[in-house]
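Peer 1: show me the folded form of this:
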Amino acid sequence: MTLRKQLGYKKIETTLIYTQLVNFESDDYSSAVAKNIDEASKLVEQGFEYVTTFDSTMLFRKRKIT
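Peer 2: Modelled structure (predicted):
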């Protein structure tokens, strides 16, 4: 399904107006790991978001400001 249909617009021009208002941020991230809940809490306080756990290690990321 296209974005136009998802938004419910009949004309693509209407969709284009709204997509130009969207701020597509950079895909650059800083990453960090935490091995326990204390480390994870500190990362969250610093603005990192949890991504996943792999081999008992929690992975976090934070978008780089450009």
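
Peer 1: quick one: contacts of the helix or strand hosting residue 39?
Peer 2: With elements taken from DSSP states H and E, the one containing residue 39 is helix 37-45. With contact meaning Cβ atoms under 8 Å, 6 or more residues apart in numbering, helix 37-45 is reached by 32-34, 50, 58, 60. Any C-beta I mention is one placed from the backbone N, CA and C, and that applies to glycine too.

Peer 1: pull out the buried members of these.
Peer 2: Those of the contacts of helix 37-45 that meet the buried threshold are 32, 34, 58, 60, by 16 or more other Cβ atoms under 10 Å.

Peer 1: quick check, nearest of these to residue 13?
Peer 2: Closest approach to residue 13 among the buried ones among the contacts of helix 37-45 (Cβ to Cβ): residue 60, at 40.5 Å.

Peer 1: in contact with the closest one, which residues?
Peer 2: 31-34, 40, 43-44, 48-51 are the contacts of residue 60 under Cβ under 8 Å, 6+ apart.

Peer 1: what is the nearest of those to residue 13?
Peer 2: Nearest to residue 13 among the contacts of residue 60, with distances taken as Cβ to Cβ, is residue 49, at 35.2 Å.

Peer 1: can you get me a residue count around the closest one?
Peer 2: Neighbour count of residue 49, defined by other Cβ atoms under 10 Å: 11.

Peer 1: right, and residue 47 touches residue 62 too?
Peer 2: Yes: if you go by Cβ atoms under 8 Å, residue 47 and residue 62 touch, sitting 5.2 Å apart.

Peer 1: what about these two, which has more around it?
Peer 2: Higher neighbour count among residue 47 and residue 62: residue 62, with 14 against 10, using other Cβ under 10 Å.

Peer 1: assumed the more buried one was part of a helix.
Peer 2: No: per DSSP: H, G, I helix; E, B strand; the rest coil, residue 62 lies outside any helix segment and is strand.
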